[in-house]
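Peer 1: I'll drop the sequence and a predicted model, then ask my questions.
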Amino acid sequence: MSKLTEVQQKTSNGSHAIVIGGSMAGLLSARILAEHFEYVTVVERDHLPQQPETRHGVPQGHHVHVMLTGGYRILEQLFPGMEAELTTAGAPSVNWTAESCFFHARGWGYRGSSDLVTRTCSRAFLEWVVRRRLSNYRNIEFLSATQVKGLVTNTDNSRVTGVKLCCLDDSQEQELTSDFVVDASGRNSQLPKWLEKIGYESPSETMINSFLGYSTCWYEPPENFQADWKVLYVVSQPPHDKRGGALYPIEGNRWGVILIGISRDYPPTDEAGFIEFARSLRTPEIYQFVKDAKPITPIHGYRRTENCWHHYEKLSRMPDSLVAIGDAVCAFNPIYGQGMTTAALGALTLHDCLQKQQHNFTGLTKQFQKQLAKVLETPWLMATGEDFRWDTTEGGQPDKITQFMHRYMDEVMEISVKDPDVYRLFVEVMHMVKQPNSLFAPSVVIRVLGQVVNSVLSNNTFSKIKVLKTEG
Ligand SMILES: Cc1cc2nc3c(=O)[nH]c(=O)nc-3n(C[C@H](O)[C@H](O)[C@H](O)COP(=O)(O)OP(=O)(O)OC[C@H]3O[C@@H](n4cnc5c(N)ncnc54)[C@H](O)[C@@H]3O)c2cc1C
């Protein structure tokens with residue numbers, strides 16, 4: 001009996017949810033659905049590897065993936081003991097304010113201690129650990145090497161009742177019925193087309209593209225490599241310096257080097273070009289590492305980094321028993337590291353909605369997509385706001401609030417060079433542990449105002465001295 005037939009039979013006698021896509025958003029959704037349905041099936045197009053391996057359907061897995069502290073804490077909540085598993089596997093622990101060096105437009109962030117501590121690991125390893133934990137759930141099944149091709153609906157198309165799918169070794173389309181479907185199939189989700197096919201509008205989309213490119217290579221560190229930091233991040237500096245990069249340790253004493261270029265200043269994927277690009281950064285640490293370290297992978301490039309939001313929350317009609325989550329709804333410019341944390345927040349939102357609705361799915365779709373949109377607003381504004389610092393960014397113009405935020409954040413960054421409290425707060429916001437409005441706490445606003453007044457006064461004093469000198 002094929003695995004599909006087995007799943008079809010097993011799930012026919014109980015409540016059943018299907019998740020399309022077995023990457024981070026799909027896995028975290030499955031974890032939530034397992035509390036609300038008797039059976040959960042994760043349908044994944046790829047063959048799922050037995051070991052932590054980068055796979056075809058998740059090409060971004062070749063690149064450094066930071067699980068921000070906000071997301072990391074959700075993971076530990078959903079999978080207690082995850083931290084211990086990462087520790088056993090040799091994933092380094094990083095205190096993000098004390099052991100991570102951040103070189104921004106105004107200098108190095110002031111390092112000091114905090115409770116922002118996570119373990120860093122490869123994307124493939126993280127996904128594998130989560131998948132392995134889910135495979136211990138008796139009510140979760142994985143249908144791998146199986147592609148979803150469309151939706152199955154009731155006679156008036158008002159409710160989704162399953163999916164059409166195809167095993168990769170058999171071109172014949174089959175159906176798997178369910179009470180609920182979650183689309184977590186990523187940036188290339190076909191859900192807009194599937195909706196049109198059954199008589200619904202597809203969602204409008206907002207796309208904001210700063211044309212950022214990645215190149216990543218993994219290394220064994222140079223012999224006797226020593227540093228007083230564990231992660232190093234050099235950001236690009238608008239309006240002219242388009243380049244940045246990061247050094248990031250993971251399990252197995254491997255280090256990822258990512259180089260990024262914004263405004264189409266794409267970093268090369270050949271070794272000589274990669275090293276030369278590293279040399280052109282504003283600080284030498286990444287170059288010094290790369291020139292002496294031993295590469296253990298090819299250099300991988302990536303350019304699909306536009307922020308793209310499919311506005312399911314604005315649709316006037318959607319069939320019941322269907323939701324979309326993760327990158328399938330909103331994918332961010334990855335340099336801000338928000339994707340997996342936002343997927344985790346989306347999964348918690350799903351839990352909230354399912355809990356409230358008590359198995360009555362009528363209206364849940366709309367309610368979920370609207371609630372999810374609220375969750376997406378903050379990371380969206382953070383990512384697109386930064387991208388709008390570049391006048392080459394396409395898809396819109398910075399409004400007055402964004403322009404004000406740029407100026408305010410410039411002052412905050414200036415202060416963060418000498419003030420550990422402000423730097424910590426900034427990192428807490430970046431790591432999605434605190435809301436951006438915490439940067440407008442009176443204690444911060446006072447420091448910002450003090451700095452602005454100081455710089456106005458010193459500029460005036462400076463110009464007076466100049467006038468006196470000229471007159472003299
Ligand atoms: C270069 C790069 C770097 C990134 N760095 C970070 C980072 O540092 N931190 C962070 O949090 N996020 C990062 N992200 C974002 C992160 O990868 C995603 O947000 C995260 O993986 C969640 O995506 P997802 O699960 O929604 O979709 P995806 O990861 O794209 O997965 C979609 C899954 O669906 C499967 N699938 C697709 N179509 C079908 C179908 N029809 N039937 C069955 N299966 C299907 C695919 O095979 C795949 O497994 C980065 C992204 C990129 C591109």
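Peer 2: Right, received. Where do you want to start?
Peer 1: where in this structure is pLDDT low?
Peer 2: Residues of the chain that meet the criterion pLDDT under 70 lie in 460-472.
Peer 1: That one against the ligand: which residues are in contact?
Peer 2: Contact residues (C-beta under 6 Å from any ligand atom) of the chain with the ligand: 20-26, 43-46, 57-58, 60, 63-66, 147-148, 184-187, 214, 302, 326-328, 334, 337-341, 343. Using the backbone N, CA and C atoms, a C-beta is placed for each residue, glycine as well.
Peer 1: Buried ones among those residues?
Peer 2: By neighbour count, with 16 or more other C-beta atoms under 10 Å, those hold 20-26, 43-46, 57-58, 60, 63-66, 147-148, 184-186, 214, 302, 326-328, 334, 337-341, 343 as buried.
Peer 1: Among these, name the ones in strands.
Peer 2: 20, 43, 147-148, 214, 302 (DSSP state E).
Peer 1: rewinding a little: looking at the residues of the chain next to the ligand, which are in helices?
Peer 2: Of the residues of the chain next to the ligand, the ones assigned to helices by DSSP state H are 24-26, 339-341, 343.
Peer 1: And stretch 27-42, what's buried?
Peer 2: Neighbour counts using 16+ other C-beta under 10 Å place 27-34, 36-37, 39-42 of stretch 27-42 among the buried residues.
Peer 1: Then stretch 75-84?
Peer 2: So for stretch 75-84, counting by 16+ other C-beta under 10 Å, buried means 75, 78-79, 82-83.
Peer 1: Dump those into JSON lines; add secondary structure as well.
Peer 2: Listed next are the buried residues of stretch 75-84 as JSON lines, based on DSSP: H, G, I helix; E, B strand; the rest coil:
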{"residue": "Leu75", "secondary structure": "helix"}
{"residue": "Leu78", "secondary structure": "helix"}
{"residue": "Phe79", "secondary structure": "coil"}
{"residue": "Met82", "secondary structure": "helix"}
{"residue": "Glu83", "secondary structure": "helix"}
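Peer 1: now for those, which pair is the farthest apart?
Peer 2: When C-beta to C-beta is used, the two most widely separated members of these are Leu78 and Glu83, lying 12.2 Å apart.
Peer 1: For stretch 427-440, list the C-alpha coordinates in CSV.
Peer 2: The C-alpha trace of stretch 427-440 is given here as CSV (Å, rounded to 0.1, in the frame of the first residue of the first chain):
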residue,chain,number,x,y,z
VAL,A,427,19.0,44.8,19.7
GLU,A,428,15.8,43.7,21.5
VAL,A,429,13.8,45.5,18.9
MET,A,430,15.8,43.9,16.0
HIS,A,431,15.4,40.5,17.7
MET,A,432,11.6,41.0,17.9
VAL,A,433,11.6,40.7,21.6
LYS,A,434,10.3,44.3,22.0
GLN,A,435,8.2,46.5,19.8
PRO,A,436,9.8,49.4,18.0
ASN,A,437,7.8,51.9,20.1
SER,A,438,10.1,51.0,23.1
LEU,A,439,12.7,53.1,21.3
PHE,A,440,10.4,56.0,22.1
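Peer 1: Buried ones in that stretch, by neighbour count?
Peer 2: 427-434, 436, 439.
Peer 1: Tell me the one of the residues you listed nearest the ligand?
Peer 2: Met432 (9.5 Å; C-beta to the nearest ligand atom).
Peer 1: if I look at the closest one, how far off is Thr342?
Peer 2: Using C-beta to C-beta, to the nearest Å, one gets 8 Å for the distance from Met432 to Thr342.
Peer 1: joint contacts of these two?
Peer 2: By C-beta atoms under 8 Å, 6 or more residues apart in numbering, Met432 and Thr342 have these common neighbours: 71, 379.
Peer 1: Doesn't Val323 belong to a strand?
Peer 2: Yes - under three-state DSSP, Val323 sits within a strand.
Peer 1: With adjacent residues omitted, what lies nearest to it?
Peer 2: In space, and not counting its chain neighbours, Val323 is closest to Phe368: 4.8 Å by C-beta to C-beta, 6 or more residues apart in numbering.
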